[in-house]
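Chemist: structure for this input, please:
(one chain, ligands or ions: 1)
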Amino acid sequence: MRKMSYAVFVFVVCLTVLFSASAFASERAKSEGKQGILLVAFGTSEPDARSAIDGIVGAVRKAFPDAEVRISYTSNIIRRKILKEEGLVVDTPPIALAKMQDEGFTSVVVQSLHIISGEEFHQLAGVVRAFSSLRGKYGFERLSLGRPLLDSMEDYMKTVDMLKAKYASFAADGGAVAFMGHGTHHGANAAYSKMQLLFDEEGLPFVMGLVEAFPDIESVKRRLKELNPSRVTLVPFMVVAGDHAKNDMADADDPESWVSVLRGEGYAVEPLLKGLGDGEGLAELFIDHIREALENR
Ligand code: CO
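Modeler: Below you'll find the predicted structure:
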(Lines give C-alpha, C1' and ligand atoms only; values in the text may rest on other atoms or scores of the structure.)
Protein backbone atom coordinates (compact mmCIF):
# COMPACT_ATOMS: atom_id res chain seq x y z
CA MET A 1 0.00 0.00 0.00
CA ARG A 2 2.78 2.35 1.05
CA LYS A 3 4.84 1.39 -1.97
CA MET A 4 1.79 2.02 -4.12
CA SER A 5 1.35 5.60 -2.91
CA TYR A 6 5.08 6.19 -3.43
CA ALA A 7 4.69 5.07 -7.05
CA VAL A 8 1.72 7.38 -7.43
CA PHE A 9 3.75 10.21 -5.91
CA VAL A 10 6.63 9.62 -8.35
CA PHE A 11 4.14 9.46 -11.21
CA VAL A 12 2.56 12.77 -10.20
CA VAL A 13 5.99 14.40 -9.90
CA CYS A 14 6.90 13.16 -13.38
CA LEU A 15 3.65 14.48 -14.80
CA THR A 16 4.20 17.88 -13.15
CA VAL A 17 7.71 18.12 -14.58
CA LEU A 18 6.44 17.08 -18.01
CA PHE A 19 3.58 19.59 -17.94
CA SER A 20 5.71 22.49 -16.79
CA ALA A 21 8.24 21.60 -19.49
CA SER A 22 5.52 21.72 -22.12
CA ALA A 23 4.17 24.95 -20.58
CA PHE A 24 7.66 26.38 -21.04
CA ALA A 25 7.72 25.18 -24.62
CA SER A 26 4.39 26.80 -25.39
CA GLU A 27 5.51 30.04 -23.66
CA ARG A 28 8.52 30.03 -25.95
CA ALA A 29 6.33 29.37 -28.97
CA LYS A 30 4.19 32.34 -27.92
CA SER A 31 7.13 34.73 -27.82
CA GLU A 32 8.63 33.36 -31.03
CA GLY A 33 5.39 32.94 -32.96
CA LYS A 34 4.40 34.94 -36.03
CA GLN A 35 2.86 38.30 -35.16
CA GLY A 36 0.20 39.77 -37.42
CA ILE A 37 -1.94 42.88 -37.71
CA LEU A 38 -5.05 42.64 -39.84
CA LEU A 39 -6.47 46.03 -40.80
CA VAL A 40 -10.14 46.10 -41.76
CA ALA A 41 -11.60 48.83 -43.95
CA PHE A 42 -14.91 49.11 -45.77
CA GLY A 43 -12.84 49.46 -48.94
CA THR A 44 -13.09 51.65 -52.01
CA SER A 45 -13.48 50.87 -55.67
CA GLU A 46 -11.79 54.12 -56.73
CA PRO A 47 -8.11 53.27 -57.39
CA ASP A 48 -6.96 56.88 -56.81
CA ALA A 49 -8.83 57.05 -53.49
CA ARG A 50 -7.10 53.90 -52.25
CA SER A 51 -3.95 55.92 -51.41
CA ALA A 52 -5.61 56.86 -48.10
CA ILE A 53 -5.89 53.19 -47.08
CA ASP A 54 -2.42 52.36 -48.44
CA GLY A 55 -1.02 55.26 -46.41
CA ILE A 56 -2.49 53.82 -43.20
CA VAL A 57 -1.12 50.35 -44.03
CA GLY A 58 2.33 51.88 -44.59
CA ALA A 59 2.25 53.86 -41.33
CA VAL A 60 1.18 50.76 -39.35
CA ARG A 61 4.00 48.71 -40.94
CA LYS A 62 6.48 51.38 -39.86
CA ALA A 63 5.10 51.48 -36.30
CA PHE A 64 5.14 47.68 -35.86
CA PRO A 65 8.19 46.37 -37.75
CA ASP A 66 8.01 42.92 -36.06
CA ALA A 67 4.47 42.25 -37.24
CA GLU A 68 3.18 41.38 -40.69
CA VAL A 69 0.47 43.87 -41.65
CA ARG A 70 -2.37 42.87 -43.96
CA ILE A 71 -5.50 44.62 -45.18
CA SER A 72 -9.01 43.25 -45.66
CA TYR A 73 -12.24 44.85 -46.92
CA THR A 74 -15.71 44.24 -45.55
CA SER A 75 -17.60 45.29 -48.69
CA ASN A 76 -18.23 42.36 -51.04
CA ILE A 77 -19.46 44.69 -53.80
CA ILE A 78 -16.15 46.57 -53.71
CA ARG A 79 -14.03 43.40 -53.45
CA ARG A 80 -15.75 41.91 -56.50
CA LYS A 81 -15.45 45.14 -58.49
CA ILE A 82 -11.71 45.38 -57.75
CA LEU A 83 -11.22 41.74 -58.72
CA LYS A 84 -13.13 42.20 -61.98
CA GLU A 85 -11.61 45.52 -63.00
CA GLU A 86 -8.08 45.24 -61.63
CA GLY A 87 -7.56 41.52 -60.98
CA LEU A 88 -6.75 42.45 -57.38
CA VAL A 89 -7.72 40.01 -54.60
CA VAL A 90 -8.68 41.61 -51.28
CA ASP A 91 -9.97 39.16 -48.65
CA THR A 92 -12.84 39.61 -46.21
CA PRO A 93 -11.81 39.57 -42.52
CA PRO A 94 -12.80 35.89 -41.95
CA ILE A 95 -10.92 34.71 -45.06
CA ALA A 96 -7.87 36.80 -44.13
CA LEU A 97 -7.89 35.39 -40.57
CA ALA A 98 -8.29 31.81 -41.78
CA LYS A 99 -5.28 32.29 -44.09
CA MET A 100 -3.20 33.81 -41.28
CA GLN A 101 -4.13 30.94 -38.99
CA ASP A 102 -3.16 28.44 -41.69
CA GLU A 103 0.16 30.22 -42.28
CA GLY A 104 1.13 29.82 -38.63
CA PHE A 105 0.44 33.24 -37.15
CA THR A 106 0.10 32.81 -33.36
CA SER A 107 -0.66 36.38 -32.33
CA VAL A 108 -2.96 38.70 -34.29
CA VAL A 109 -4.52 42.11 -33.67
CA VAL A 110 -7.53 42.90 -35.85
CA GLN A 111 -7.78 46.67 -36.18
CA SER A 112 -10.98 48.24 -37.44
CA LEU A 113 -10.45 51.25 -39.70
CA HIS A 114 -14.07 52.27 -39.26
CA ILE A 115 -15.04 55.72 -37.99
CA ILE A 116 -17.76 54.65 -35.54
CA SER A 117 -18.75 51.40 -33.82
CA GLY A 118 -21.75 50.81 -36.08
CA GLU A 119 -23.05 47.67 -37.76
CA GLU A 120 -19.82 47.01 -39.70
CA PHE A 121 -17.74 47.13 -36.52
CA HIS A 122 -20.12 44.84 -34.62
CA GLN A 123 -20.07 42.31 -37.46
CA LEU A 124 -16.28 42.37 -37.26
CA ALA A 125 -16.42 41.85 -33.49
CA GLY A 126 -18.52 38.74 -34.19
CA VAL A 127 -15.86 37.39 -36.55
CA VAL A 128 -13.15 37.96 -33.94
CA ARG A 129 -15.31 36.25 -31.26
CA ALA A 130 -15.83 33.25 -33.55
CA PHE A 131 -12.08 32.88 -34.17
CA SER A 132 -11.37 33.40 -30.44
CA SER A 133 -13.57 30.42 -29.64
CA LEU A 134 -11.45 28.11 -31.83
CA ARG A 135 -8.93 26.08 -29.83
CA GLY A 136 -5.86 23.99 -30.51
CA LYS A 137 -4.64 23.67 -34.06
CA TYR A 138 -7.46 25.81 -35.46
CA GLY A 139 -7.04 28.75 -33.10
CA PHE A 140 -4.66 31.62 -32.46
CA GLU A 141 -2.80 31.86 -29.15
CA ARG A 142 -3.67 35.53 -28.98
CA LEU A 143 -6.32 37.41 -30.88
CA SER A 144 -7.65 40.85 -30.06
CA LEU A 145 -9.74 43.57 -31.66
CA GLY A 146 -8.81 47.26 -31.90
CA ARG A 147 -11.63 49.81 -31.53
CA PRO A 148 -12.76 52.13 -34.36
CA LEU A 149 -11.74 55.81 -34.56
CA LEU A 150 -14.44 57.28 -32.31
CA ASP A 151 -14.69 55.19 -29.15
CA SER A 152 -13.41 56.73 -25.90
CA MET A 153 -13.76 60.41 -24.96
CA GLU A 154 -10.02 60.69 -25.54
CA ASP A 155 -10.57 59.49 -29.12
CA TYR A 156 -13.04 62.30 -29.76
CA MET A 157 -10.65 64.91 -28.36
CA LYS A 158 -7.76 63.56 -30.44
CA THR A 159 -9.96 63.55 -33.54
CA VAL A 160 -10.95 67.18 -32.98
CA ASP A 161 -7.24 68.04 -32.66
CA MET A 162 -6.50 66.16 -35.88
CA LEU A 163 -9.28 68.02 -37.73
CA LYS A 164 -8.00 71.35 -36.42
CA ALA A 165 -4.47 70.53 -37.60
CA LYS A 166 -5.69 69.44 -41.03
CA TYR A 167 -8.47 71.92 -41.80
CA ALA A 168 -8.28 75.01 -39.53
CA SER A 169 -6.57 76.94 -42.36
CA PHE A 170 -9.78 76.63 -44.43
CA ALA A 171 -11.69 78.28 -41.57
CA ALA A 172 -9.42 81.33 -41.53
CA ASP A 173 -10.82 84.74 -42.64
CA GLY A 174 -14.39 83.85 -41.75
CA GLY A 175 -14.46 80.56 -43.64
CA ALA A 176 -16.33 77.45 -42.52
CA VAL A 177 -15.66 73.75 -43.01
CA ALA A 178 -18.58 71.41 -43.68
CA PHE A 179 -17.79 67.73 -43.17
CA MET A 180 -19.63 64.95 -44.95
CA GLY A 181 -19.77 61.78 -42.87
CA HIS A 182 -21.51 58.60 -43.99
CA GLY A 183 -24.13 58.00 -41.30
CA THR A 184 -26.16 54.93 -40.39
CA HIS A 185 -29.49 53.73 -38.95
CA HIS A 186 -27.41 52.17 -36.12
CA GLY A 187 -27.49 53.90 -32.72
CA ALA A 188 -23.77 54.60 -33.00
CA ASN A 189 -24.76 57.35 -35.47
CA ALA A 190 -24.95 59.70 -32.43
CA ALA A 191 -21.13 59.81 -32.55
CA TYR A 192 -21.36 62.40 -35.33
CA SER A 193 -23.55 64.74 -33.25
CA LYS A 194 -21.08 64.35 -30.40
CA MET A 195 -18.36 65.59 -32.75
CA GLN A 196 -20.54 68.62 -33.57
CA LEU A 197 -20.98 69.32 -29.85
CA LEU A 198 -17.21 69.32 -29.41
CA PHE A 199 -16.76 71.63 -32.45
CA ASP A 200 -19.27 74.02 -30.84
CA GLU A 201 -17.59 73.89 -27.42
CA GLU A 202 -14.26 74.76 -29.03
CA GLY A 203 -15.86 77.57 -31.01
CA LEU A 204 -14.80 76.01 -34.32
CA PRO A 205 -16.63 77.00 -37.53
CA PHE A 206 -16.96 73.28 -38.35
CA VAL A 207 -20.27 71.71 -39.37
CA MET A 208 -20.97 67.98 -39.38
CA GLY A 209 -23.40 66.54 -41.91
CA LEU A 210 -24.18 63.00 -43.09
CA VAL A 211 -25.07 61.52 -46.50
CA GLU A 212 -27.35 58.81 -45.19
CA ALA A 213 -28.60 59.93 -41.78
CA PHE A 214 -29.16 62.87 -39.41
CA PRO A 215 -27.72 65.54 -39.26
CA ASP A 216 -28.29 65.83 -43.02
CA ILE A 217 -27.71 68.58 -45.61
CA GLU A 218 -30.73 70.51 -44.26
CA SER A 219 -29.03 70.73 -40.86
CA VAL A 220 -25.81 71.81 -42.57
CA LYS A 221 -27.74 74.58 -44.35
CA ARG A 222 -29.28 75.80 -41.07
CA ARG A 223 -25.92 75.88 -39.28
CA LEU A 224 -24.19 77.65 -42.16
CA LYS A 225 -26.91 80.30 -42.12
CA GLU A 226 -26.04 81.01 -38.47
CA LEU A 227 -22.31 81.08 -39.18
CA ASN A 228 -22.70 83.24 -42.29
CA PRO A 229 -19.24 82.26 -43.58
CA SER A 230 -17.22 84.04 -46.27
CA ARG A 231 -16.56 80.67 -47.94
CA VAL A 232 -17.28 76.99 -47.33
CA THR A 233 -14.85 74.10 -47.77
CA LEU A 234 -16.46 70.68 -48.13
CA VAL A 235 -14.44 67.83 -46.61
CA PRO A 236 -15.27 64.10 -46.48
CA PHE A 237 -15.39 62.83 -42.88
CA MET A 238 -14.52 59.37 -44.19
CA VAL A 239 -11.24 57.46 -44.40
CA VAL A 240 -11.17 57.72 -48.20
CA ALA A 241 -12.52 60.28 -50.63
CA GLY A 242 -14.38 57.62 -52.60
CA ASP A 243 -17.74 57.31 -54.28
CA HIS A 244 -19.78 59.45 -51.82
CA ALA A 245 -17.17 62.23 -51.76
CA LYS A 246 -16.88 62.35 -55.57
CA ASN A 247 -20.57 62.10 -56.37
CA ASP A 248 -22.75 63.15 -53.41
CA MET A 249 -20.36 65.83 -52.17
CA ALA A 250 -18.28 67.25 -55.00
CA ASP A 251 -20.07 66.61 -58.34
CA ALA A 252 -20.99 70.13 -59.48
CA ASP A 253 -22.98 68.71 -62.44
CA ASP A 254 -25.37 66.95 -60.07
CA PRO A 255 -27.94 69.48 -58.78
CA GLU A 256 -28.44 67.39 -55.62
CA SER A 257 -24.77 67.19 -54.64
CA TRP A 258 -23.74 69.18 -51.57
CA VAL A 259 -21.53 71.48 -53.61
CA SER A 260 -24.46 72.36 -55.91
CA VAL A 261 -26.96 72.75 -53.05
CA LEU A 262 -24.67 75.05 -51.04
CA ARG A 263 -23.64 77.08 -54.10
CA GLY A 264 -27.36 77.44 -54.73
CA GLU A 265 -27.61 79.00 -51.25
CA GLY A 266 -25.15 81.65 -52.41
CA TYR A 267 -21.95 80.43 -50.71
CA ALA A 268 -18.53 80.24 -52.33
CA VAL A 269 -17.97 76.50 -52.00
CA GLU A 270 -14.86 74.44 -52.70
CA PRO A 271 -14.85 70.66 -52.22
CA LEU A 272 -11.69 68.99 -50.98
CA LEU A 273 -11.30 65.51 -52.45
CA LYS A 274 -9.06 64.11 -49.73
CA GLY A 275 -10.11 61.47 -47.21
CA LEU A 276 -9.24 61.69 -43.52
CA GLY A 277 -6.69 58.95 -44.22
CA ASP A 278 -4.83 61.08 -46.77
CA GLY A 279 -1.85 62.87 -45.28
CA GLU A 280 -0.84 62.84 -41.62
CA GLY A 281 -2.90 62.26 -38.51
CA LEU A 282 -5.45 59.49 -38.91
CA ALA A 283 -3.04 56.53 -39.03
CA GLU A 284 -1.49 57.64 -35.71
CA LEU A 285 -4.90 57.43 -33.99
CA PHE A 286 -5.43 53.87 -35.27
CA ILE A 287 -1.87 52.98 -34.22
CA ASP A 288 -2.81 54.09 -30.65
CA HIS A 289 -5.77 51.69 -30.82
CA ILE A 290 -3.55 48.81 -31.99
CA ARG A 291 -1.27 49.46 -28.98
CA GLU A 292 -4.30 49.41 -26.67
CA ALA A 293 -5.48 46.12 -28.19
CA LEU A 294 -1.99 44.64 -27.64
CA GLU A 295 -2.01 45.74 -23.99
CA ASN A 296 -5.55 44.70 -23.12
CA ARG A 297 -5.42 41.01 -23.93
CO1 CO B 1 -22.75 54.51 -48.64
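
Chemist: all helices of the stretch 101-250 of the chain, in order?
Modeler: For the stretch 101-250 of the chain, applying DSSP state H, counting those that start in this stretch gives helices covering 119-132, 153-167, 190-201, 217-227, 243.

Chemist: next one: the second one to chain centre, how far?
Modeler: Which is helix 153-167. Mean-position distance between helix 153-167 and its chain equals 15 Å (C-alpha atoms, centre = their mean, to the nearest Å).

Chemist: that one packs against which elements?
Modeler: With contacts defined as 3 or more C-beta pairs under 8 Å, 6 or more residues apart in numbering; DSSP states H and E, helix 153-167 has these neighbours: strand 176-181, helix 190-201, helix 282-295. (C-beta placed from N, C-alpha, C; glycine too.)

Chemist: so which of those is the most surrounded?
Modeler: Comparing the helices and strands packed on helix 153-167 by mean neighbour count (mean count of other C-beta atoms under 10 Å), strand 176-181 comes out on top with a mean of 25.

Chemist: low-scoring stretches of this protein, by residue?
Modeler: Counting by pLDDT under 70, the chain shows low-confidence ranges at 1-32.

Chemist: nearest residue to the middle of it?
Modeler: Nearest to the geometric centre of the chain sits Leu113, at 1.2 Å (C-alpha atoms, centre = their mean).

Chemist: wait, isn't it in contact with Asp54?
Modeler: No - proximity of Leu113 to Asp54 does not meet the contact threshold set by C-beta atoms under 8 Å, at 11.8 Å.

Chemist: does Ser144 really touch Arg297, like I thought?
Modeler: Yes - shown here, Ser144 and Arg297 form a contact pair, counting by C-beta under 8 Å, at 4.1 Å.

Chemist: neighbour count: the two, which is higher?
Modeler: Higher neighbour count among Ser144 and Arg297: Ser144, with 19 against 12, using other C-beta atoms under 10 Å.

Chemist: excluding chain neighbours, what is closest to the residue nearest to the centre of the chain?
Modeler: Distances taken as C-beta to C-beta, 6 or more residues apart in numbering put Ala41 closest to Leu113, at 4.3 Å, once the chain neighbours are dropped.

Chemist: what is that neighbour paired to in the beta sheet?
Modeler: Tyr73 (DSSP bridges).

Chemist: check contacts around it.
Modeler: Neighbouring residues of Ala41 by C-beta atoms under 8 Å, 6 or more residues apart in numbering: 53, 56, 71-74, 113-114, 239-240.

Chemist: tabulate the residues you listed in TSV, adding columns for distance to Lys137.
Modeler: Output for the contacts of Ala41, formatted as TSV (distance: C-beta to C-beta, whole Å):
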residue	distance to Lys137
Ile53	33
Ile56	32
Ile71	26
Ser72	23
Tyr73	28
Thr74	27
Leu113	30
His114	31
Val239	35
Val240	37
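
Chemist: in strands, which of these fall?
Modeler: Mapping the contacts of Ala41 onto strands (DSSP state E) picks out 71-73.

Chemist: tell me the one of those nearest Val220?
Modeler: Tyr73 (29.1 Å; C-beta to C-beta).

Chemist: give me every residue that touches that closest one.
Modeler: Residues in contact with Tyr73 (C-beta under 8 Å, 6+ apart) are 40-43, 79, 90-92.

Chemist: the closest residue to Trp258 other than its chain neighbours: neighbour count?
Modeler: Nearest non-adjacent residue to Trp258, counting by C-beta to C-beta, 6+ apart: Met249, 4.9 Å away. By the criterion of other C-beta under 10 Å, Met249 has 26 neighbours.

Chemist: hang on, isn't Met249 packed against Ser257?
Modeler: Yes - between Met249 and Ser257 there is a contact at 6.3 Å, judged by C-beta under 8 Å.

Chemist: tally of neighbours for the closest residue to Leu272 other than its chain neighbours?
Modeler: Closest residue to Leu272 apart from its sequence neighbours, by C-beta to C-beta, 6+ apart: Val235 at 4.9 Å. The number of residues packed near Val235 is 25, by other C-beta under 10 Å.

Chemist: return the residues in contact with Gly55.
Modeler: Applying C-beta under 8 Å, 6+ apart, the residues contacting Gly55 are 277-279, 283.

Chemist: rerun at 10 Å
Modeler: 239-240, 275, 277-280, 282-283 (C-beta atoms under 10 Å, 6 or more residues apart in numbering).
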